[in-house]
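Engineer: Everything below, folded, please.
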Amino acid sequence: MAAGSDRLRFNVGGKIFETTATTLANAGRSSMLGALLDDDWNVRPPTPPAGDGVNGDGDYFIDRNPACFAVLLDLLRTGELHIPPNLPEKLLYREALFYGLLDHVRRARWGSFDGDRLRLSTSIAGRAPGDGTAIRASPDGGCCVAHSSVVHVYDWMLDEHQPINLDYQQINDVGYMDSGNIVVTARERPGRADGGMGLFSSASGDLRHRFHVSHDNHPKSFTAGALCFSNEDFKIFASCKGRCNEYGIGVWDQFTGKQSDFFYQPPGCSFGDADKLQWIDGDNCLMVATLFPRTDNCFIGILDFREKNLVWSWTDEGTTAAAASLDEKRVLHAIVMEDKHSICVVNQYEDLGFLDLRSNGGGGVRWSSRSKLMKGKIRGEESCYPKLVMHGGQLFSSMNDSISVFCGPEWVLTSTLRRGVGGSICDFSIGGDRLFALHSEENVFDVWESPPPPVLL
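Structural biologist: From the prediction side, this is the model:
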């Protein structure tokens, strides 16, 4: 490096590279290369980074792969990622992790999430035959797939890590507390008090913490079902079904793992059987939904944890045939919309319905049939119950082998995601700018990504 110059020379694995402080600044201060700059973004004196050195010519020596360094340096210069055909992508990702440039590679690899621009990136076949229990996206773009008593874990490069094995204990739900920790809910086994919930490492599959439910200071065995998280006050919620009087919604602290609350189900409500929980940010409320076919009658409630009461509820019990058909009554999934004014529900024909949360009495369902021009399943078509997800102002609904995307104030169908093989979609999840769709055929799951926007010259 010449005195008074912002130019730097790197010797990476025996190959010389020359660049400027301006280019290095694009790496960010949290990266290894950005650390070579001072607080004013000027080149620091040639103090060697840990593990490397400065040779007699003033070049920074880094004992790493030069071909990968060339690609990463070009990414910092242009903002574009061009990977030579003979360079394995996973090798590049490993090197990007070393330099602290993994986020740069991810942003260049795919663009911001947009349901109308999603393209099928890859498909991965699991190791367990039959329907999977759930698929969940991690915050950093990886995912995990639960099947029976096993959770298969994949990082954002889609490399499989050590699976989480519950030793033949039925898994009910799974979710990421953060990219490094996975919470698993499971069914209690007769004669053993090892049911409930556990916190596991996503990297090693090791059990880090077992969650407990206590009543009158006595620990209780329980089965945990639906799971959700609050990022506002770092709480974990799960529907709990015990042997005595601990039916309801359990609450645990994410940091300590200790039980912090328990919402006992009121008469006429089956919170312990709930199969959908959703924390409503900003309102300190939790949506609890017990849906068909788990129970004959659907119940949806909003719990206020400040007031310790049920502030809103709706059920299809007692609905007459004149008010709604039997098919319309059978609500199979529900989700609170992003405006927090309504709940979207879906029936087995993918008709969308909306419940007004501002109606004190719950009101009726305002059904919309915009989702499909033709109702009813094709004869002989394999069926999976639909699921709903809200993300970035778009509504996603799975049905059989496809996922529909709805947009706008009237929730118009704008695009459909479908792959020809794999069977019906039993679950899907969005996270880390990716959509993961789990098919019923041998745990095959698809990875959908939005391509980066075109470069305007």
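Engineer: residues contacting I182?
Structural biologist: Residues near I182 by CB atoms under 8 Å, 6 or more residues apart in numbering: 144, 151, 153, 164, 174-176, 199-202. Where you see a C-beta, it was placed from the backbone N, CA and C, and this is true even at glycine.
Engineer: nearest to L8, of those residues?
Structural biologist: Using CB to CB, S202 comes nearest to L8 of those, at 36.6 Å.
Engineer: okay but the closest one is in contact with Q162, surely?
Structural biologist: No. With contacts counted by CB atoms under 8 Å, S202 stays clear of Q162, the gap being 9.5 Å.
Engineer: which neighbours do these two share?
Structural biologist: With CB under 8 Å, 6+ apart as the test, S202 and Q162 both reach V153.
Engineer: higher neighbour count, the two?
Structural biologist: Using other CB atoms under 10 Å, the more surrounded residue of S202 and Q162 is S202, with 23 against 14.
Engineer: The helix or strand encompassing R210 packs against which elements?
Structural biologist: Using DSSP states H and E, R210 maps to strand 207-211. Helices and strands touching strand 207-211, by 3 or more CB pairs under 8 Å, 6 or more residues apart in numbering; DSSP states H and E, are strand 196-201.
Engineer: next one: the strand it packs on to chain centre, how far?
Structural biologist: Relative to its chain's centre, strand 196-201 lies at 17 Å (CA atoms, centre = their mean, to the nearest Å).
Engineer: center of the chain, which residue is that?
Structural biologist: The centre of the chain sits closest to A137, judged by CA atoms, centre = their mean, with a distance of 2.9 Å.
Engineer: what bridges to the closest residue to that one other than its chain neighbours?
Structural biologist: Spatially, and ignoring its direct neighbours in sequence, A137 is nearest to G431 (2.9 Å; CB to CB, 6 or more residues apart in numbering). Legend: beta-bridge partners of G431 under DSSP bridges are R434.
Engineer: for G431, what are its contacts?
Structural biologist: 136-139, 141, 143, 176.
Engineer: ok, so of those residues, who is nearest G126?
Structural biologist: Using CB to CB, the contacts of G431 come closest to G126 at C143, 11.2 Å.
Engineer: Hmm, W448 and that closest one touching each other?
Structural biologist: No. At 11.7 Å, C143 does not count as touching W448 under the criterion of CB under 8 Å.
Engineer: about what we covered before: most neighbours out of the contacts of I182, which is it?
Structural biologist: V153 (27 neighbours).
Engineer: for the host helix or strand of it, packing partners?
Structural biologist: Per DSSP H and E: V153 is located in strand 150-154. Here strand 150-154 touches strand 143-147, strand 164-165, strand 171-178, strand 181-186, going by 3+ CB pairs under 8 Å, 6+ apart.
Engineer: My guess is I16 contacts R9. True?
Structural biologist: Yes. Counting by CB under 8 Å, I16 does reach R9; the two are 6.2 Å apart.
Engineer: just checking, what packs against the helix or strand following the strand holding R210?
Structural biologist: The helix or strand immediately downstream of strand 207-211 is strand 213-215, counting by DSSP H and E. Contacts defined by 3+ CB pairs under 8 Å, 6+ apart place strand 213-215 against strand 218-220, strand 259-264.
Engineer: Relative to the whole chain's centre, how far out is the first one?
Structural biologist: Relative to the mean C-alpha coordinate of its chain, strand 218-220 is positioned 32 Å out (CA atoms, centre = their mean).
Engineer: Neighbouring strands - and their directions - for the helix or strand just after that strand?
Structural biologist: Using DSSP H and E, the helix or strand that follows strand 218-220 in sequence is strand 222-230. Strand 222-230 pairs in its sheet with strand 235-242 (antiparallel), by DSSP bridges.
Engineer: Could you give me the buried positions within whatever helix or strand comes next after the strand it pairs with?
Structural biologist: Tracing the chain past strand 235-242, the next element assigned as helix or strand by DSSP H and E is strand 248-253. Across strand 248-253, burial judged by 16 or more other CB atoms under 10 Å covers 248-252.
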